[in-house]
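S.K.: Make a model of this:
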Amino acid sequence: MFFYSPNFIVFFIVLLIPFYLFPKQRIYWLAAANAIFYTVHPEGFIILFFTMCLLTFSIVKLMCRPGWRWTFWVGIAANVLNLALFKYSLFALSNLKLIGITLPGADHFASTIVLPLGISFYTFEFISYLVDVRRSQTRQEHSFLQFWVFVSMFPHLIAGPIMRGSELFPQLGDLNKRSLGWSQIKYGSYLFIVGLMKKLVIADQLSPLVEAYFNKGYSINGTDSWIAGYLFSFFIYADFSSYTDMAMGLGVMLGVKFAENFKSPYLSGDPSEFWRRWHMTLSRWIRDYIYISLGGNRKGSFRTIVNLMITMVISGLWHGAMWTFVVWGGIHGLMLIIHRLTLGINKYSRIAIIRKSRIYRLVAIIIFFHLVTWTWILFHANSLHMAIFMTSKMLQANVVDIATHPYFWLAVGLYGLHVMEYFMRKNEQTIGRAWYRIPFPLRGAGYVLLLLALMYFAKGEEYAFIYFQF
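M.R.: Numbering: from 1, shown residues only. Next comes the predicted model:
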């Protein structure tokens with residue numbers, strides 16, 4: 001059920017009515033809704049998901065007993081192996097085949113394996129729970145019902161944000177006492193509609209254009225390679241952040257606040273800032289559970305560089321089981337390393353002053369946006385060879401040809417919307433107060449126009465959220 005499908009809207013309304021009418025049973029309504037949501041998805045693998053949930057819950061109970069701390073590693077291994085089996089076994093088999101090794105039954109296995117819905121996200125939540133309890137950063141949850149609701153919250157689990165026990169357990173614990181009413185419905189609906197507009201009006205309209213360019217294959221030229229990169233940059237942001245907006249809106253209506261996941265990432269001036277703005281919950285997960293676990297920056301400069309590279313390669317591999325994703329992660333790791341090494345020159349006062357200037361900031365944003373645009377080619381290309389081919393063409397492209405391409409100005413307009421979104425989110429309350437000063441008949445007309453626009457764009461072809469694949 002896509003969030004914007006009629007089936008989902010009916011499902012959510014049916015949940016919302018008893019959820020508000022019978023507050024003392026809210027945790028039960030959520031538990032049942034989560035189970036139904038995954039059951040109706042054939043690729044949801046509800047039995048596998050429930051089994052891993054029960055296994056992780058039981059292991060945490062065991063490891064908190066004296067002498068059973070070692071079971072922590074059993075929990076980590078079980079979750080990693082489960083993810084590896086479904087997500088990386090085909091990648092491993094194809095690479096073995098390249099070097100002449102074919103395992104018995106490999107072809108049959110490859111034809112039957114299916115990636116379970118949300119497995120990348122719920123695996124990370126299970127691992128974070130194991131680690132946080134071990135580090136005493138999250139309390140052990142004694143109620144399996146509440147633990148099930150924590151890991152299976154249907155609004156966010158398929159594509160994030162990635163939540164932690166310390167963020168959700170306190171909210172779930174007093175959910176039956178919360179006063180929920182019209183204000184939550186209004187604000188949640190606003191967030192949901194913002195996400196819906198991004199998905200239907202921007203992402204779904206860009207999707208066929210993006211595919212048309214990438215499907216040109218080796219006939220693509222440099223100008224078209226840049227246009228493909230620009231369009232995909234805004235497509236993946238609109239598609240992924242729209243899911244987060246809708247998830248956060250649904251959460252608000254259910255009395256739960258999810259973590260922020262995007263903060264206008266294309267306004268970043270360096271790779272470190274980008275990862276503080278893009279898929280923020282994944283970035284902090286990678287930082288806290290991989291980078292810091294490897295030693296972070298505590299073991300000298302060389303080890304810090306190695307840790308950064310390992311962390312980003314793993315991040316790339318998490319996004320997809322292809323060499324293009326591994327190289328994509330490695331390039332982002334290299335950019336982080338170079339940026340870190342250049343921070344040392346800030347000790348010179350003149351350089352520090354230049355770096356703090358608005359002109360430098362503007363130039364840095366433009367340059368880094370184009371670096372990110374190039375890396376998205378690797379992210380979406382169907383092979384490493386194709387990504388290298390497109391890169392070579394991009395290096396040969398004529399700037400004038402790019403600037404005069406009609407879709408270049410579409411990209412400029414989309415960037416303008418990106419900037420506008422930043423200021424709207426920053427001044428959300430002020431804009432909200434100004435909106436409600438407008439006479440109701442005019443606001444009503446605005447709502448009608450918005451509804452008609454959404455209905456118009458909803459009639460087109462449906463495209464699944466891109467991060468459902470990861």
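S.K.: C-alpha only now, for contacts and for neighbours.
M.R.: Will do.
S.K.: where's the closest residue to Pro23 other than its chain neighbours relative to Ser315, distance?
M.R.: Using Cα to Cα, 6 or more residues apart in numbering and skipping residues adjacent in sequence, the residue nearest Pro23 is Asn176, 5.0 Å away. Counting by Cα to Cα, to the nearest Å, the gap from Asn176 to Ser315 is 37 Å.
S.K.: out of those two, which sits in the more crowded spot?
M.R.: Ser315 (23 against 18; other Cα atoms under 10 Å).
S.K.: In which helix or strand does that one reside?
M.R.: helix 301-319 (DSSP states H and E).
S.K.: Buried residues in that helix, which are they?
M.R.: Across helix 301-319, burial judged by 16 or more other Cα atoms under 10 Å covers 304-319.
S.K.: for the record, mean pLDDT for stretch 110-128?
M.R.: For stretch 110-128, the mean pLDDT works out to 86.
S.K.: Give me the contacts around it.
M.R.: 43-45, 53, 56, 75-76, 79-80, 83, 86-87, 90, 151-152, 157-160, 162-164, 285, 289, 318, 468-470 (Cα atoms under 8 Å, 6 or more residues apart in numbering).
S.K.: same thing with stretch 139-147?
M.R.: 27-28, 31, 54, 57, 60-61, 133, 165-166, 169, 172.
S.K.: Could you do stretch 197-208 as well?
M.R.: Contacts to stretch 197-208, defined as Cα under 8 Å, 6+ apart, come from residues 231-232, 234-236, 238-239, 242-243, 454, 457-458, 461-463.
S.K.: Residues touching the strand or helix carrying Met455, excluding its own?
M.R.: Secondary-structure assignment from DSSP H and E places Met455 in helix 440-458. Under the criterion Cα under 8 Å, 6+ apart, residues 197, 200-201, 435-436 lie in contact with helix 440-458.
S.K.: Go again with 7 Å.
M.R.: 197, 200-201 (Cα atoms under 7 Å, 6 or more residues apart in numbering).
S.K.: Report the backbone C-alpha coordinates of that helix in CSV.
M.R.: Presented in CSV, the C-alpha positions along helix 440-458 are these (Å, rounded to 0.1, in the frame of the first residue of the first chain):
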residue,chain,number,x,y,z
PHE,A,440,-11.6,31.6,5.1
PRO,A,441,-13.3,31.8,1.6
LEU,A,442,-9.9,32.4,0.0
ARG,A,443,-8.2,29.7,2.1
GLY,A,444,-11.0,27.4,1.1
ALA,A,445,-10.4,28.1,-2.5
GLY,A,446,-6.7,27.4,-2.0
TYR,A,447,-7.5,24.0,-0.5
VAL,A,448,-9.8,23.1,-3.4
LEU,A,449,-7.2,24.1,-5.9
LEU,A,450,-4.6,22.0,-4.1
LEU,A,451,-6.9,19.0,-4.0
LEU,A,452,-7.7,19.3,-7.7
ALA,A,453,-4.0,19.5,-8.5
LEU,A,454,-3.2,16.4,-6.4
MET,A,455,-6.1,14.5,-8.1
TYR,A,456,-4.8,15.5,-11.5
PHE,A,457,-1.2,14.3,-10.8
ALA,A,458,-2.4,11.2,-9.0
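S.K.: Flag every buried residue along that helix.
M.R.: 454, 457-458.
S.K.: check contacts around Gly188.
M.R.: 249-250, 252-253.
S.K.: Sitting in strands, which of those do you find?
M.R.: Using DSSP state E, no member of the contacts of Gly188 sits in strands.
S.K.: Turn these into a markdown table, including distance to Ile377 and pLDDT.
M.R.: Listed next are those as a markdown table, based on distance: Cα to Cα, whole Å; pLDDT from 0 to 100:
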| residue | distance to Ile377 | pLDDT |
| --- | --- | --- |
| Gly249 | 31 | 94 |
| Leu250 | 33 | 95 |
| Val252 | 35 | 95 |
| Met253 | 37 | 95 |
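S.K.: Considering the residues you listed, which is situated nearest to Trp409?
M.R.: Of all those, Trp409 sits closest to Gly249, with 31.5 Å by Cα to Cα.
S.K.: Pull up the gap between that closest one and Gln171, please.
M.R.: In terms of Cα to Cα, Gly249 sits 16 Å off from Gln171.
S.K.: just Ile119 next, same as before
M.R.: 24 Å.
S.K.: of these two, who's got more company?
M.R.: Taking neighbours as other Cα under 10 Å, Ile119 and Gln171 compare with Ile119 leading, 25 against 16.
S.K.: Got the phi and psi for the more buried one?
M.R.: phi -60, psi -40 (degrees, to the nearest 10).
S.K.: To what extent is Phe72 buried, counted in neighbours?
M.R.: Phe72 has 22 nearby residues by other Cα under 10 Å.
S.K.: And for Tyr237, the neighbour number?
M.R.: 21.
S.K.: Give me the distance from the helix or strand containing it to the chain's centre.
M.R.: Tyr237 belongs to helix 222-253 when elements are defined using DSSP H and E. Put simply, helix 222-253 sits 10 Å off its chain's centre (Cα atoms, centre = their mean, to the nearest Å).
S.K.: what helices or strands is it leaning on?
M.R.: Judged by 3 or more Cα pairs under 7 Å, 6 or more residues apart in numbering; DSSP states H and E, the packing partners of helix 222-253 are helix 182-197, helix 204-214, helix 358-380, helix 384-396, helix 406-426.
S.K.: want to throw those into CSV with distance to Gly105 and mean pLDDT?
M.R.: Shown next, in CSV, are the helices and strands packed on helix 222-253 (distance: least, Cα to Cα, whole Å; pLDDT from 0 to 100):
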stretch, distance to Gly105, mean pLDDT
helix 182-197, 44, 91
helix 204-214, 34, 94
helix 358-380, 30, 95
helix 384-396, 27, 96
helix 406-426, 47, 94
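S.K.: Just put these in CSV and tack on distance to Gly222.
M.R.: Shown next, in CSV, are these (distance: least, Cα to Cα, whole Å):
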stretch, distance to Gly222
helix 182-197, 31
helix 204-214, 11
helix 358-380, 12
helix 384-396, 4
helix 406-426, 13
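S.K.: of all the ones you listed, which lies closest to Glu273?
M.R.: helix 358-380 (10.4 Å).
S.K.: now for that closest one, which elements pack on it?
M.R.: helix 222-253, helix 323-342.
S.K.: For Gly100, which of those is the nearest?
M.R.: helix 323-342 (18.2 Å).
S.K.: After the closest one, heading C-terminal, what element do we hit next?
M.R.: Next along the chain after helix 323-342, taking DSSP H and E as the criterion, comes helix 349-355.
S.K.: Can I get that next one as PDB, trimmed to CA atoms?
M.R.: The C-alpha atoms that make up helix 349-355 are tabulated as PDB, following Å, rounded to 0.1, in the frame of the first residue of the first chain:
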ATOM      1  CA  SER A 349      43.700  33.900   9.600                       C
ATOM      2  CA  ARG A 350      43.300  35.100   6.000                       C
ATOM      3  CA  ILE A 351      42.100  31.700   4.800                       C
ATOM      4  CA  ALA A 352      39.700  31.500   7.800                       C
ATOM      5  CA  ILE A 353      38.200  34.900   6.900                       C
ATOM      6  CA  ILE A 354      37.800  33.900   3.200                       C
ATOM      7  CA  ARG A 355      36.100  30.600   4.200                       C
END
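S.K.: That helix - what's its average pLDDT?
M.R.: 84.
S.K.: Tell me how far it lies from the chain's centre.
M.R.: 35 Å.
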